[in-house]
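Novice: Sequence first, predicted model second:
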Amino acid sequence: MSTVAVEVTPTLPEVHYLNADYGWRSWLFTTDHKRIAWLYLFAITGFFAVGGLMATLMRLNLVEPQGALMEPASYNKLFTAHGLIMIFFFLAPSIPTVLGNFLIPIMIGARDVAFPKLNLLSWYIFMLAGSVFMLAVIRGGVDTGWTLYTPLSTTYANGHVLSAAVGIFISGFSSILTGLNFMVTIHKMRAPGMTWFRLPLFIWSLYATSVIFVLAMPVIAITLALIALERVFHVGIFDPALGGDPILFQHLFWFFGHPEVYILILPSMGVISELVAAGCRKRVFGYSFVAFSSVAIAAISFMVWGLHMFLTGQSVYAGFVFSALSFAVAIPSAIKVFNWTATMHKASVSYDAPMLYAIGFIGLFTIGGLTGLFLASLGTDVHLHDTYFVVAHFHYVMVGGAIMGYLGGLHLWWPKMTGKLYPEAWARFACLLVFAGFNLTFGPQFILGYLGMPRRYAVYPPEFQVLNVMSSAGASILAVGYFIPLVYFTWSAFKGPVAGPNPWGAKGLEWTIPSPPPTNNFDVTPIVTQEAYAYGHEEAHVG
Amino acid sequence: MADAHVSAAPVAHQFDDFQQQTVADTFGMWLFLATEVLFFGGLFCGYSLYRNLYFEAFTAGSHLLKIQYGAFYTVLLICSSLTMALGVRAAQLRQKHALTIYLILTWIMGFAFVYVKLRYEWYGDYLEGLIPGVNWAPSRESLEMVNHFHATLPHLALFFIFYFCMTGLHALHMIVGLGLLTTLLIFTQQGKVTGGNYNWVEIVGLYWHFVDIVWIFLFPLLYLIGGRYV
C-alpha cells in the first residue's frame, strides 16, 4: 500500500503503550495521553452513531412530503438532538481529543501533555455530560433546535430543556480543560530545538482551536446557566413580557456559537496540512501563512457573531459591520485552500486514502466556504436565511470539511495508533463513497434552500419531493461509506499486517518512534534540528 | 525564584525539571482565569444591557441594597489579598510558620465574607421578599423606592436577578477558594509546600486575587452606581 519500498518486514515493538498494562483499571485510570485518546475515540464513535442514526431517520421521514415516518413533534426533537449531539459530543471533541490527544505530545517531542490527570478528568467530565444529555433525550428530548432560542426554550418548550442544558454546560468544562491543557503543553513542553516555526501545522491549528475553547466555552456555560435559571424561576431574564430581552440570548449564544463552528473546522484544517504534506512528500507551501491563517481565523471568529442575526433585530449598521467582518474570514480560509493546492502543484501526489480525503476536503470546504459568503451578505441572506441553503452550507463545512478531515487523519495515523495497516483498497472505496454520498445528500439541499424550503420542517410541498428523495438516497450511501471504515479498522486492529514505524515515509517526530509508541513516547528526548516537513529531494521521486 | 537546587519537590514524569513544571502550572492557572473572565463576562454583559434599558429600576434596586455590607466585604477582601500575597512571599522564603499564619488569616477573612453574605445579607433580602422566583414580595418601603424612581416591579426583579447571579457566582468562587486554602494548609503542615512546591501558593494566590478583583467590579456596579451619593 505504501509508496516506500520496505526492505525488512516490520515487526511490532515488544512493549508499547497498548500492551504495557492490561485490565480495565489500566484504561479507565490511565493518565497516558495515548490511551485517553482511545477512550475518547470509543465515546465519540458512539455519539456519532447515535447522531447519525437520527439523521438517517430524518432523511427517511423527508422522503414523502407529508412525512413518511413520524409526527412533526418527534421530528423537532430529532433534529434538535441530532444537532446538539453532533456539535457538542462528536465534532467539537473529535479531532482535538482523539488525534490531538494522541499526537500533540508526540509531535512536539514531549512525554505527555502538561496535565495528564486533568486530561483524564476531561474525559470523565465529557462522559458525565454525555450521560446527562442522553438521559434528557431518552426521557423525551428537546424540541428547540440546537440554538435553544429564547423565549421558546425558557417558556414555551415542553421538553427536557433543563437537563439537556445541564449536559451541554458540563461538556463545556471538558472542552475548556482540554483546550487549557493543550495550550500549556504547546507553550511549555516542546522539545529542545522545537521552535514555534518548526511546529507541524496541525499543532498551530489545535493551538488556535484551544484558544477558542478557552474563550468561547465559558460564554455558553453562563448563557445556559441563565437559561436554566429562567426555566426554573421564570424571572424574566429573556422573557419580553417581563422586560427581558430574547435578543440578548442570541448575542450571547452566537458570541459563543460562531467561534464554536471554527472549533469544528480548524482542527480539520490542521489535519489536511499534514495529509497534504505527507501525500505530496513536500513542505507545505507558505508554511507561515498557513500557520498564521489559523490564528487569524480564531481571532476573527470572535467578531462575526452578528452575521447570524441579520434578520432578528439588529441595527442595519451593525449588520453592515458584521457582514464585512464575516467576509474577512474568507481571506485566511482561502489562503489555506490556495496553499494546499500550491503544495500539490508539481508534487508526486500519492492517491492513498488519507490524500483522497484531503483532496475531497479541499473541494467540499471550498464549496462550503464560498456559500458561506452568500449568507454573510446582507441582501442574499434575507432570501436564504433559515432555508435548506443554510443547512447545506454548514454541512459542507462540518461534514464535507470537518468529518473528511477527521477520517483522513484517522487513516493517516491509524498505523501509528495501532501499529497495524488497514486494507487500502477498501479505504479508497469508502472515501469515494463518502464523497459521492455526501454530495448527493447536500448538493440538492442548496437548490431546495434557494427555492425556498425552510429548514427544520417535517413536511414540505410536493414539488420539492424529487430533490428530497435524492438527498435521502445520498444519505444512505453516506451511511455505508461511514460504516465500512468501522469494519476494516476493527479488523485491522486485530488482524491487520504490521505497519512499521513509518509506513508513509512521512516526516515528523511521530514517525521516528515505533508504532505503536512506547508509553513514554521517547526513550531519549529528541533534539529538533530541522523545520517541519523537511522532505529531501531523493524522496520526492519515490513512487 | 525557581532555584533548582533548593527544591526537593517531586517532578512529574512528563516534565524535564522543576522549573518547567512550575511555569506550566502557573500558565495553566492564568489560562483558567482567562476562562473565568469570559464566564463572568456573560453576566456583566447582561447587567450592562439591562441597566441601560431600565436605568430607573436599577437605581432603585441599588438603593435597596445595604451598602454597609458591600463596604465591609470590600475591606475584607482587600485585606485578604494582602495576607495572601504575604503568604506567597513566605512560601518563597520557605517560612512554614509565617505561611501557615497568613493562610489562616486569609481563610478567616474569606469565611467571614461568605458567612456574613449568606447569614445576614442574603437572609435579610429573603425576609424582605427581595429574591425573585424564591420569595418575591417587596415590602412597602421597597415599593415606595420603586415608585420614587418611576420604575416597575418586573424591572426591579431583573436587577435583583443579576445581583444574585453575579454575587452568587462570586460567592461560589469564594467557597472554592476556601477549599483550595484548606488543602494548601494541610499540604503546608505536611511540609510539601515550603519543602518543595511553593508555587502552589502562588497559583492559589492568583485565583484568590482574581476573585477579589471580580468583587472590586461588583461593588461599584451593584452598590454604588445609581446616584445614591449625589
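Specialist: That came in fine, so what should we check first? What you see is a predicted model; the values in this text were computed from it and never measured.
Novice: Would you mind listing what in chain B touches chain A?
Specialist: B:12-16, B:20, B:23-24, B:27-28, B:31-32, B:34-36, B:38-43, B:45-46, B:49-50, B:53-54, B:132-134, B:152, B:154-155, B:157-158, B:161, B:165 (Cβ under 8 Å from any Cβ of the partner chain). All C-beta atoms are positioned from the backbone trio N, CA, C, and that covers glycine.
Novice: Among these, name the buried ones.
Specialist: Neighbour counting by 16 or more other Cβ atoms under 10 Å in any protein chain shown classes B:12, B:14-15, B:20, B:23-24, B:27-28, B:31-32, B:34-36, B:38-43, B:45-46, B:49-50, B:54, B:132-133, B:152, B:154-155, B:157-158, B:161, B:165 among these as buried.
Novice: which stretches of chain B form helices?
Specialist: B:18-53, B:55-64, B:67-92, B:96-115, B:123-127, B:140-148, B:153-189, B:199-218 (DSSP state H).
Novice: These into TSV, with extra columns for distance to A:Pro246 and mean pLDDT?
Specialist: Listed next are the helices of chain B as TSV, based on distance: least, Cβ to Cβ, whole Å; pLDDT from 0 to 100:
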stretch	distance to A:Pro246	mean pLDDT
helix B:18-53	12	96
helix B:55-64	19	93
helix B:67-92	31	96
helix B:96-115	34	97
helix B:123-127	27	95
helix B:140-148	24	92
helix B:153-189	14	96
helix B:199-218	26	97
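Novice: Out of those helices, which is closest to A:Tyr156?
Specialist: helix B:153-189 (18.6 Å; Cβ to Cβ).
Novice: Nearest spatial neighbour of residue 73, chain-adjacent residues omitted?
Specialist: All of this is about chain A. Closest residue to A:Ala73 apart from its sequence neighbours, by Cβ to Cβ, 6 or more residues apart in numbering or on different chains: A:Asp143 at 6.6 Å.
Novice: Can you look at chain B instead?
Specialist: In space, B:Tyr73 is closest to B:Phe113, 5.6 Å off (Cβ to Cβ, 6+ apart).
Novice: Then B:Gly61?
Specialist: Closest to B:Gly61 by Cβ to Cβ, 6+ apart is B:Phe159, at 3.3 Å.
Novice: Surely that neighbour touches B:His63?
Specialist: No - with contact defined as Cβ atoms under 8 Å, B:Phe159 and B:His63 do not form a contacting pair (10.4 Å).
Novice: okay, those two: which has more neighbours?
Specialist: Between B:Phe159 and B:His63, counted using other Cβ atoms under 10 Å in any protein chain shown, B:Phe159 has the larger neighbour count: 26 against 17.
Novice: Relative to chain A, how far out is the more buried one?
Specialist: For B:Phe159, the distance to chain A equals 10 Å [Cβ to the nearest Cβ, to the nearest Å].
Novice: In contact with that residue, which residues?
Specialist: B:50, B:54, B:57-58, B:60-62 (Cβ atoms under 8 Å, 6 or more residues apart in numbering or on different chains).
Novice: In JSON lines: the helices of chain B, plus distance to A:Ser350.
Specialist: What follows is the helices of chain B, written out as JSON lines (distance: least, Cβ to Cβ, whole Å):
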{"stretch": "helix B:18-53", "distance to A:Ser350": "38"}
{"stretch": "helix B:55-64", "distance to A:Ser350": "65"}
{"stretch": "helix B:67-92", "distance to A:Ser350": "56"}
{"stretch": "helix B:96-115", "distance to A:Ser350": "61"}
{"stretch": "helix B:123-127", "distance to A:Ser350": "69"}
{"stretch": "helix B:140-148", "distance to A:Ser350": "74"}
{"stretch": "helix B:153-189", "distance to A:Ser350": "53"}
{"stretch": "helix B:199-218", "distance to A:Ser350": "48"}
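Novice: Model confidence for the closest residue to chain A within chain B, exactly?
Specialist: Here chain B gets closest to chain A at one residue, B:Gly133, 2.7 Å apart by Cβ to the nearest Cβ. In this model, B:Gly133 is scored at 90, pLDDT.
Novice: And the pLDDT for the closest residue to it other than its chain neighbours?
Specialist: Take B:Gly133 and drop its neighbours on the chain: the residue closest to it by Cβ to Cβ, 6+ apart is A:Phe233, 2.7 Å away. For A:Phe233, the pLDDT comes out at 90.
Novice: Over to A:Tyr406?
Specialist: 98.
Novice: what do you get for A:His537?
Specialist: 51.
Novice: follow-up on the earlier one: surely the residue nearest to B:Tyr73 meets B:Thr74?
Specialist: No - the pair B:Phe113 / B:Thr74 is not scored as a contact, 9.9 Å apart, by Cβ under 8 Å.
Novice: What is the burial count for the closest residue to A:Ala110 other than its chain neighbours?
Specialist: Ranked by Cβ to Cβ, 6+ apart and with sequence neighbours excluded, the top spatial neighbour of A:Ala110 is A:Met189, at 4.0 Å. Residues contacting A:Met189 under the criterion other Cβ under 10 Å number 22.
Novice: Find me the pLDDT at A:Met189, would you?
Specialist: For A:Met189, pLDDT reads 96.
Novice: just the one 4 residues further on next, same as before
Specialist: Reading off the per-residue confidence, A:Gly193 sits at a pLDDT of 96.
Novice: Which residue, other than its chain neighbours, is closest to it?
Specialist: Closest to A:Gly193 by Cβ to Cβ, 6+ apart is A:Val528, at 3.6 Å.
Novice: Return the backbone torsion pair for the one you found.
Specialist: phi -90, psi 130 (degrees, to the nearest 10).
Novice: List the buried residues in stretch A:337-354.
Specialist: A:337, A:339-340, A:343-344, A:347, A:349-350, A:352-354.
Novice: What is the end-to-end distance of that stretch?
Specialist: Distance across stretch A:337-354, first residue to last, is 17 Å (Cα to Cα, to the nearest Å).
Novice: How far away from the center of its chain is it?
Specialist: Computed by Cα atoms, centre = their mean, to the nearest Å, the separation of stretch A:337-354 from the middle of its chain amounts to 22 Å.
Novice: and the gap between A:Phe320 and A:Gln250?
Specialist: Distance of A:Phe320 to A:Gln250, given as Cβ to Cβ, to the nearest Å: 18 Å.
Novice: quick one, which of those two is more surrounded?
Specialist: A:Gln250 (22 against 13).
Novice: Okay, and the more buried one sits in which element?
Specialist: helix A:246-280 (DSSP states H and E).
Novice: Show me what that helix packs onto, helices and strands only.
Specialist: Packing partners of helix A:246-280 (3 or more Cβ pairs under 8 Å, 6 or more residues apart in numbering or on different chains; DSSP states H and E): helix A:92-93, helix A:201-233, helix A:287-301, helix A:316-344, helix A:353-376, helix A:388-397, helix A:404-418, helix B:18-53.
Novice: Include distance to A:Phe438 when you put those into JSON lines, please.
Specialist: Formatted as JSON lines, these follow (distance: least, Cβ to Cβ, whole Å):
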{"stretch": "helix A:92-93", "distance to A:Phe438": "20"}
{"stretch": "helix A:201-233", "distance to A:Phe438": "22"}
{"stretch": "helix A:287-301", "distance to A:Phe438": "23"}
{"stretch": "helix A:316-344", "distance to A:Phe438": "18"}
{"stretch": "helix A:353-376", "distance to A:Phe438": "7"}
{"stretch": "helix A:388-397", "distance to A:Phe438": "8"}
{"stretch": "helix A:404-418", "distance to A:Phe438": "8"}
{"stretch": "helix B:18-53", "distance to A:Phe438": "35"}
